[in-house]
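Colleague: got a predicted structure plus its sequence, pasted below:
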Amino acid sequence: MFDFHERRKLKQYAYSLPTVVVLLAIVAFLGNSVWSVYLKEQETSERLEQRESYLKDISGRGEALEEEIDRLSSERGLEAELRSKFEVARSGEKVIVIVDAPEASIGKPAEKESFIKGLVDFVLFWN
């Protein structure tokens, strides 16, 4: 066992200023390393969430494409798609094409001419 004087010397060395500074430097170094690992873990978890969201979107689109393939595999679905894209009809059927009205005439009421303009046009017409 240590005698009293040897324990006192050990305490003097352990609590001396250079020892405390070295220990604080080691703690700061380890703290910095832990902080950088923590930041990397946060970034990784964000990326994981983004990838999971992307995977969910891709699987949803895959399911929609599978449904579309199933629909187009049947003769009725194929006929409906052809009719919607190419305006075709079977023999004996007639096709009616509806054309929208021009934009200028939609929603604009007929303009009323002012009395003076009508009078000027009437006078100029008779000349």
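Modeller: Structure received.
Colleague: give me the neighbour count for Glu81.
Modeller: Glu81: 13 surrounding residues under other CB atoms under 10 Å. C-beta coordinates here come from the backbone N, C-alpha and C atoms, glycine included.
Colleague: look up how far Ile96 lies from it.
Modeller: To Ile96, Glu81 is 19 Å away according to CB to CB, to the nearest Å.
Colleague: just Val21 next, same as before
Modeller: 93 Å.
Colleague: just want to know which of the two has more residues nearby.
Modeller: Val21 (10 against 6).
Colleague: ok now the helix or strand containing the more buried one, how far from the chain's centre?
Modeller: If you go by DSSP states H and E, Val21 is part of helix 17-73. Its chain's average C-alpha position is 19 Å from that of helix 17-73, according to CA atoms, centre = their mean, to the nearest Å.
Colleague: need the next SSE after that helix, C-terminal direction.
Modeller: Next along from helix 17-73, by DSSP H and E: helix 75-86.
Colleague: right, and the helix or strand after that following helix?
Modeller: Next helix or strand after helix 75-86 toward the C-terminus (DSSP H and E): helix 115-126.
Colleague: so for that following helix, mean pLDDT?
Modeller: The pLDDT scores in helix 115-126 average 79.
Colleague: same for that helix, what does it pack against?
Modeller: Here helix 115-126 touches no other helix or strand, going by 3 or more CB pairs under 8 Å, 6 or more residues apart in numbering; DSSP states H and E.
Colleague: pLDDT weak spots in this protein?
Modeller: 1-2, 104-113, 127 (pLDDT under 70).
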